[in-house]
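> show me how the following folds:
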Amino acid sequence: MIYLGVKSDKCYRKVLFLQLLAFSAVEGFILESNNNGGTVAVANGLCVTLAEFQSTIKQLHQENDELRHKMEYNRIESDKTLALLTSQLQIKFKELENNLTVFSNLKENYNISLENELSQTKSQIVLLDQKVDILENLKTVQQLQELNSLKQKIQSVEIQTHSLAVNEQARGQDFLALYNQTVDLKVRGNNRFFQLEQNISDIRETVAVTACAQNYLKYDTGSIIKFPSITTHIGKGTLDGFQSSGKFRCTTEGLYHLTVSILSLTVEGRFNIYHNEILFIIRTSQ
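The predicted structure follows:
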């Protein structure tokens, strides 16, 4: 919240010009054509020369041009930053897609190899079963010993088969976890990209207000200058209570450029600018 406070006992004000951020509007004096000497007579004996008035207008135009140049520079820098971030994200997404393809190929090759091993193991089991059937018909001790040896081999093959099945299940879980991590990383990248776009959009948004107070008013010490005349209002800045209270509420975060112009009859008259009830700027009339 930004407002102006008068510090002198008696301060007569002629023109106050307040500009926030981007654009300015020019408020003029009523010039009387019957005056001589290049001056304009104003109430209470205050005179402003036409040259001074034109100099003030020229200075305001220069400040406005500088502000437009700064805004254009910031816009170009924001576009460059967005392009760079977009390029980096696209490269990252491409790497993720390539990694996902490699992982899928590895999983497929592993499954094929494991199926071949299982097929060979099953063939061996069938062959051993056939041999056991033949040996069961033999009654000699040697044949029985060989039979026991074959049974032990069969048990060993079954153990190996079970171990291969367990390893296959574990590897499948590892691939699933890796795939889930890849998907999660891609989702987070998309969310981050959306957030960056939103932040850049907020930075490039323009908020501007130009307001004038009434002429020929006297302000006591500690009083707040009000701005009943709004000439320009651009962006999201709210004007609720601004015209009646003299306090402007900034609803959008960012850098605000503030310009104030006051003409006073009081020698060394002073006005202050407050930000959130804290003294921000002190200005004394020359």
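
> SS state for Thr266?
coil (DSSP: H, G, I helix; E, B strand; the rest coil).

> give me the neighbour count for it.
Residue neighbour count, defined by other Cβ atoms under 10 Å, stands at 16 for Thr266. Where you see a C-beta, it was placed from the backbone N, CA and C, and this is true even at glycine.

> next SSE after the one helix or strand Asn180 maps to?
Per DSSP states H and E, Asn180 falls inside helix 141-203. Going down the chain from helix 141-203, the next helix or strand is strand 208-212, by DSSP H and E.

> who does the very next helix or strand once past that next one pair up with?
Once strand 208-212 ends, the next helix or strand along the chain (criterion: DSSP H and E) is strand 217-219. Under the criterion DSSP bridges, strand 217-219 sits next to strand 11-13 (antiparallel) in its sheet.

> tell me the mean pLDDT over the strand it pairs with?
Taken as a whole, strand 11-13 has a mean pLDDT of 35.

> start the count at 878, not 1, going forward
All right, first residue 878 from here; so that's strand 888-890.

> which other helices and strands contact the helix holding Asn1057?
Contact partners of helix 1018-1080 among helices and strands, from 3 or more Cβ pairs under 8 Å, 6 or more residues apart in numbering; DSSP states H and E: helix 927-1012.

> got the angle for the helix it packs on vs helix 1018-1080?
On the basis of axes from the mean of the first three to the mean of the last three Cα atoms, to 10 degrees, helix 927-1012 is oriented at 170 degrees to helix 1018-1080.

> about what we covered before: quick one: the helix holding Asn1057 to chain centroid distance?
Put simply, helix 1018-1080 sits 39 Å off its chain's centre (Cα atoms, centre = their mean, to the nearest Å).

> again, but for stretch 960-970
16 Å.

> so for that stretch, mean pLDDT?
The model assigns stretch 960-970 a mean pLDDT of 91.

> and what of stretch 1040-1052?
pLDDT averaged over stretch 1040-1052 gives 83.

> with only the CA atoms kept, save it in PDB.
Coordinates of the C-alpha atoms in stretch 1040-1052 are reproduced here as PDB (Å, rounded to 0.1, in the frame of the first residue of the first chain):
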ATOM      1  CA  SER A1040      16.200 -69.600  -8.400                       C
ATOM      2  CA  LEU A1041      15.900 -68.400 -12.000                       C
ATOM      3  CA  ALA A1042      12.200 -67.800 -11.400                       C
ATOM      4  CA  VAL A1043      12.900 -65.700  -8.300                       C
ATOM      5  CA  ASN A1044      15.500 -63.700 -10.200                       C
ATOM      6  CA  GLU A1045      13.100 -63.100 -13.000                       C
ATOM      7  CA  GLN A1046      10.500 -61.700 -10.600                       C
ATOM      8  CA  ALA A1047      13.100 -59.500  -8.800                       C
ATOM      9  CA  ARG A1048      14.400 -58.100 -12.100                       C
ATOM     10  CA  GLY A1049      10.800 -57.500 -13.300                       C
ATOM     11  CA  GLN A1050      10.200 -55.400 -10.100                       C
ATOM     12  CA  ASP A1051      13.400 -53.500 -10.700                       C
ATOM     13  CA  PHE A1052      12.300 -52.600 -14.200                       C
END
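
> kind regards, and thank you for your time.
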